[in-house]
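Enquirer: give me coordinates for this.
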Amino acid sequence: QVELVESGGGLVQAGGSLTLTCAPSGLTFSTYTMGWFRQAPGKEREFVAAIRWGISTYGNPVKGRFTISRDRSKNAGYLQMNALKPEDTAIYFCAAGNPIMSTITTTQGYKYWGQGTQVTVSS
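Expert: Have a look, this model is predicted:
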């Protein structure tokens, strides 16, 4: 059974940093595209970042501030978030799948999802 577990969320002041971790079980992360999405209250789930074959893709709101990475030896993935803004407040979800290029930024492209971790940025 596949499970993705996110950790590292919390409360941070604007301008601060957080690093989220995604720890999968039941799958080898490096054989999948890893994605991060977020969902704020009353809004749809939004693409944040993805990494496949060492190539990273970012949503426009986070470009230049967030960095996605993964560690094959630990079978884990990360989202380093810098210069956080109040509008980054959301539940952040880790996902794994094998999306085609046209779906890499969409939720439909991913088969496995974590339960999410809350990130709150205060002004």
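
Enquirer: list the buried residues in stretch 17-29.
Expert: Residues of stretch 17-29 classed as buried: 18, 20, 21, 22, 23, 24, 27, 29 (neighbour count, 16 or more other Cβ atoms under 10 Å). Quick note: C-beta positions are derived from backbone N, CA and C, even for glycine.

Enquirer: one more: stretch 32-39?
Expert: Neighbour-count burial for stretch 32-39 flags 32, 33, 34, 35, 36, 37, 38 (criterion: 16+ other Cβ under 10 Å).

Enquirer: from these, which ones fall inside strands?
Expert: Among the buried residues of stretch 32-39, the residues falling in strands (DSSP state E) are 33, 34, 35, 36, 37, 38.

Enquirer: excluding sequence neighbours, find me the nearest residue to the most centrally placed residue in the chain.
Expert: Central residue of the chain (Cα atoms, centre = their mean): residue 36, 2.1 Å from the mean position. In space, and not counting its chain neighbours, residue 36 is closest to residue 48: 4.2 Å by Cβ to Cβ, 6 or more residues apart in numbering.

Enquirer: and the helix or strand where that neighbour lies, what does it pack onto?
Expert: Per DSSP states H and E, residue 48 falls inside strand 46-52. Contact analysis of strand 46-52 by 3 or more Cβ pairs under 8 Å, 6 or more residues apart in numbering; DSSP states H and E lists strand 33-39, strand 55-58, strand 66-71, strand 76-81 as its packing neighbours.

Enquirer: angle of that strand against strand 33-39?
Expert: Taking axes from the mean of the first three to the mean of the last three Cα atoms, to 10 degrees, strand 46-52 and strand 33-39 form an angle of 170 degrees between their directions.

Enquirer: dump the C-alpha coordinates for strand 46-52 into CSV.
Expert: Output of strand 46-52 as CSV, limited to C-alpha atoms (Å, rounded to 0.1, in the frame of the first residue of the first chain):
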residue,chain,number,x,y,z
GLU,A,46,-3.0,24.9,-6.9
PHE,A,47,0.2,23.6,-8.5
VAL,A,48,3.3,24.6,-6.7
ALA,A,49,6.3,22.6,-8.1
ALA,A,50,7.2,19.3,-9.7
ILE,A,51,10.4,17.4,-10.4
ARG,A,52,11.0,14.7,-13.0
